[in-house]
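Q: Next one to model:
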Amino acid sequence: MHTLTLSWHGVFVIVLLVAALVLYSRPRVPIETTSLGVLLTLLLVFALWPYHGAHGKLSPMVFYRGFANGALVAIVSLMIAGQALVRTGALAPLTRVLSRLWKLSPVFTLLLVLALTAALSAFVNDTPIVVLLIPVLTRMARDSGRSPSKMLMP
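A: Sure, this is the predicted structure:
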């Protein structure tokens with residue numbers, strides 16, 4: 001039986017991931033700074049001390065090819081578009097209507113959002129729907145004095 005061992009590269013990536021998660025939870029450190037720091041740290045470490053695996057040496061170029069994956073680019077593009085909709089106020093009318101309904105009946109409003117999401121997902125991929133509704137639900141939660149996590153994970 002072949003056993004797998006964790007190299008120092010793996011331990012380093014796990015430690016870096018934990019550090020990034022801690023920094024993401026800190027409001028004083030911008031998410032962009034943490035993300036760029038993680039990418040640069042990975043590039044530097046894997047350039048200076050390349051990983052030698054079963055398929056040979058993992059160069060920084062091979063390492064970063066994963067970031068050119070079409071699915072990753074699509075999701076990041078959707079997140080950028082979603083944030084643009086929030087910042088321009090394009091989702092404000094929907095948020096206002098749902099916030100008013102929430103004050104009348106939180107359960108009905110949550111069921112309405114779930115039904116709307118289910119209906120839209122029959123015609124559109126789920127990812128853009130989630131990207132559009134997360135800011136709306138987060139704003140509704142803040143307006144009503146509730147935790148956004150309770151609204152996003154009912």
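Q: would you list every one of the strands in this protein?
A: 51-53, 56-58 (DSSP state E).
Q: for those strands, which one sits closest to G66?
A: strand 56-58 (10.9 Å; C-beta to C-beta). Quick note: C-beta positions are derived from backbone N, CA and C, even for glycine.
Q: As JSON lines, the strands of the chain with mean neighbour count and distance to M153 would be great.
A: Formatted as JSON lines, the strands of the chain follow (neighbours: other C-beta atoms under 10 Å; distance: least, C-beta to C-beta, whole Å):
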{"stretch": "strand 51-53", "mean neighbour count": "13", "distance to M153": "36"}
{"stretch": "strand 56-58", "mean neighbour count": "11", "distance to M153": "36"}
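Q: which strands and helices sit next to the worst-scoring helix or strand of the chain on mean pLDDT?
A: Across the helices and strands of the chain, mean confidence by mean pLDDT, DSSP states H and E is lowest for helix 60-65: a mean of 76. The criterion is 3 or more C-beta pairs under 8 Å, 6 or more residues apart in numbering; DSSP states H and E, and the helices and strands that helix 60-65 contacts are helix 31-48.
Q: what's the spacing between the helix it packs on and its chain's center?
A: 18 Å (C-alpha atoms, centre = their mean, to the nearest Å).
Q: do stretch 6-16 as well
A: Per C-alpha atoms, centre = their mean, the centroid offset for stretch 6-16 relative to its chain is 22 Å.
Q: got the buried residues for that stretch?
A: Buried residues in stretch 6-16, counted by 16 or more other C-beta atoms under 10 Å: H9, F12, V13.
Q: Quickly list the domain ranges of the protein.
A: 8-68, 71-152 (automatic domain parsing).
Q: out of the ones you listed, deepest packed?
A: domain 71-152 (a mean of 14; mean count of other C-beta atoms under 10 Å).
Q: Can you give me the end-to-end span of that one?
A: 23 Å (C-alpha to C-alpha, to the nearest Å).
Q: For stretch 22-29, measure first residue to last.
A: 10 Å.
Q: Low-confidence stretches in the protein?
A: Applying pLDDT under 70 to the chain picks out residues 1-2, 154.
Q: mind listing the helices in it by residue range?
A: For the chain, the helices defined by DSSP state H occupy 8-24, 31-48, 60-65, 70-88, 92-104, 106-121, 126-143, 148-152.
Q: Give me the contacts around the least confident helix or strand of the chain.
A: Residues outside helix 60-65 that contact it (C-beta atoms under 8 Å, 6 or more residues apart in numbering): L42, L43, F46, A47, P50.
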